[in-house]
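Novice: Provide a 3D model corresponding to the input given below.
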Amino acid sequence: MKFNKISALILCLFLVFVSCETEESLEITAPGATFTLLEPSISNINLNYNLPNNEAFTIVWNDQLTTGSANYMVELSPDALFESPSIIGSSTTDRFTMTVADFNNIVLDAGADAFEPFTVFMRVTNESNVTNIVSFSVSSYSEAVPVITNPDSTFSLVLLETTPNDEAISVSWEDPDFGENSSVDVIYEVQFAQAGTGFAGAVTESATDMTFSSTHELFNETVLNAGLNAEEVGSLDIRIKATIEMDAGNMERFSDAVTISVTPYSIELAPILYVVGAGAVDAGWDWTTPVELPLQGTKYSGNINLINDAFRFFTVNNDWGSGQNFPYYESVGYTIDSNLANAMDGDSNFQFVGTPGQYFIEIDTEAKTITLGPPVIGPNCNFDQLWLVGAGIVDAGWSWDTPVALLCTGNGTYSGNVALANDSFRFFTVNNDWGTGINYPTYEGNGYTIDSNFSNAMDGDSNFSFIGTPGTYFLTVDDINKTITLGPEQLQCDFEQLWLVGAGVVDAGWSWDTPVALPCTGAGIYSGQVALANDAFRFFTINNDWATGINYPTYEADGYTIDSDLINAMDGDSNFFFNGTPGTYTVTVDTGNLTITVE
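Specialist: You can find the predicted model right below:
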């Protein structure tokens, strides 16, 4: 133990001696003053256009070189070498803050593409003193709006119906904040509106690759929908709408408007198409007796006598300037019957090149066809009848067991007595086919004036609803004048049909095997197609009952005016005798006006 104490003492004395010697030779130096930009806590900044006044970033520095007041400059550069730095702000304190909107503008000016990550470098200077460099990756948003480069305000356009598929207009634009390699999905649309409306009710069309084009036919529809008037020069505003869909809310930008001059053409169909020309025998080249083809829905149609000569269609009576010749229909895409050709007569009229005679001509403006077929005998409608089904139709109900037929009773007109209840129903063009229904908005949208006793049922299918006093009415659907009307119940016929038998009725002969029926078409009128030969026949009120026959003198005695093609056969029974040109005719017995006609 003694030895250990002495050793410890010696060791302590040694350490004291060494320590004193070291203290005399050690020199302590304080660290130098610095000017340091502190590393930011974030390195990625996504600028939110919905929060333009929020803080985008704050940088802080430590200046040990400056005493007293100082004026610090904050510099930004797109490269770490600061070859072309820009001063983005100043501060008299040790920190600097910038809003989202201000910083977004600076980043775009530095060369960033909107919504694409872009690295920026920052430093702070104070006279000759410069801090270290810090960097951020910044995603900016677009501030510039698209700029229309074509067309300009000098552009003027006359749209032509005769060049429907030719390009009418091309619109192109630039979007300055987006580079060629931008990965951002920008949805571009072109908006058109009548000038001065502030794009209220604008027509919007989709576009791709910052271009848009449209044909004469399509752009004409656009212009009319935008509010310009057909056949008048109008001013049309155009602008670009650019949309970026984002979780934080869609970003929409609009270009400045460009105003152009446009003259659209009318797409409204004339109610009647008139035929004039030597080829149309009953018309000739004057306006005294033009052949009239009424419009039913989207079709003009009617019987016409044609010979091998020229004619033309006109949309306005007694107006040569409204003519539509062969090249007109050809240019707008019609398929034209092979019996019709270009007359090549200077006016390029139609030339009938078929066998002269009577034809049924139809101009279908929807299918774009002109066709010739056998003449139609009797009333001419698009359908033989319309069918009525629904709880509002007392004799029908919502099934196809007993639909009510509304017969074609005149050109483009369907009519008949119908028992109505306060419920809904619909018109149909084909029996037992729900897919052929025509509801209230369809007629309304096609410009029909509808009787006030009908309304939209608002039942999911928008059927008709009868809201008048329940009862039987005479219902008429007029496809030419575009009306649906109700009137008092009209007197029906005494019989469902008259029967024709005799050698003069080709399909009957003198037996009851195949009598020809002349159905009641309403209001005491029996009418139908009958093939007639130069021989005798008689009317009968009951099928297979010779005793119900009505001969020529009976009608004559009752005061009937009888068609000149029908005479007394003077054959013992005084039957009727057809004395005209054999063929198929419409025979009508009108018990109200006391007439018998053959047409």
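
Novice: The residue nearest to Pro488 when sequence neighbours are not counted: which element?
Specialist: The spatially closest residue to Pro488, leaving aside those adjacent along the chain, is Phe474, at 6.3 Å (C-beta to C-beta, 6 or more residues apart in numbering). (C-beta placed from N, C-alpha, C; glycine too.) Following DSSP states H and E, the helix or strand that holds Phe474 is strand 471-478.

Novice: Can you list the strands that that strand pairs with?
Specialist: strand 413-420 (antiparallel), strand 483-488 (antiparallel) (DSSP bridges).

Novice: And for the shortest one, what's in contact with it?
Specialist: Taking C-beta atoms under 8 Å, 6 or more residues apart in numbering as the criterion, the residues outside strand 483-488 that touch it are 443, 448-451, 453-454, 468, 473-478.

Novice: if we go to 6 Å?
Specialist: With C-beta atoms under 6 Å, 6 or more residues apart in numbering as the test, strand 483-488 has contacts from 448-451, 453, 473-477.

Novice: Go through that strand and flag the buried ones.
Specialist: 484-486 (16 or more other C-beta atoms under 10 Å).

Novice: Just the CA atoms of that strand, as CSV, please.
Specialist: Extracted in CSV, the C-alpha atoms of strand 483-488 (Å, rounded to 0.1, in the frame of the first residue of the first chain):
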residue,chain,number,x,y,z
THR,A,483,-100.9,20.5,-86.6
ILE,A,484,-102.6,18.1,-84.2
THR,A,485,-106.2,19.1,-83.7
LEU,A,486,-109.3,17.9,-82.0
GLY,A,487,-112.8,18.6,-83.3
PRO,A,488,-116.4,17.3,-82.7
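
Novice: mean confidence for the helix or strand that comes right after that strand?
Specialist: Where DSSP H and E defines the elements, the next helix or strand beyond strand 483-488 is strand 497-501. Per-region confidence: strand 497-501 scores 94 on mean pLDDT.

Novice: partners of strand 497-501 in the sheet?
Specialist: Sheet pairing for strand 497-501, assigned by DSSP bridges, gives strand 516-522 (antiparallel), strand 536-540 (antiparallel).

Novice: Could you export that strand as PDB, CA atoms only?
Specialist: The C-alpha coordinates for strand 497-501 follow below in PDB (Å, rounded to 0.1, in the frame of the first residue of the first chain):
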ATOM      1  CA  GLN A 497    -117.300  -0.600 -96.300                       C
ATOM      2  CA  LEU A 498    -119.100  -0.800 -99.600                       C
ATOM      3  CA  TRP A 499    -118.500  -3.900-101.700                       C
ATOM      4  CA  LEU A 500    -117.800  -3.800-105.500                       C
ATOM      5  CA  VAL A 501    -118.600  -6.800-107.700                       C
END
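
Novice: what does that strand rub up against?
Specialist: Counting by C-beta under 6 Å, 6+ apart, 508, 515-519, 526, 537, 539-540, 543 sit against strand 497-501.

Novice: helix, strand or coil for the residue nearest to the spatial centre of the chain?
Specialist: Central residue of the chain (C-alpha atoms, centre = their mean): Glu221, 8.3 Å from the mean position. Reduced to three states with DSSP: H, G, I helix; E, B strand; the rest coil, the structure at Glu221 is helix.

Novice: which element follows the worst-scoring helix or strand of the chain on mean pLDDT toward the C-terminus?
Specialist: In the chain, no helix or strand scores lower on mean pLDDT, DSSP states H and E than helix 2-25, which sits at a mean of 43. Going down the chain from helix 2-25, the next helix or strand is strand 35-37, by DSSP H and E.
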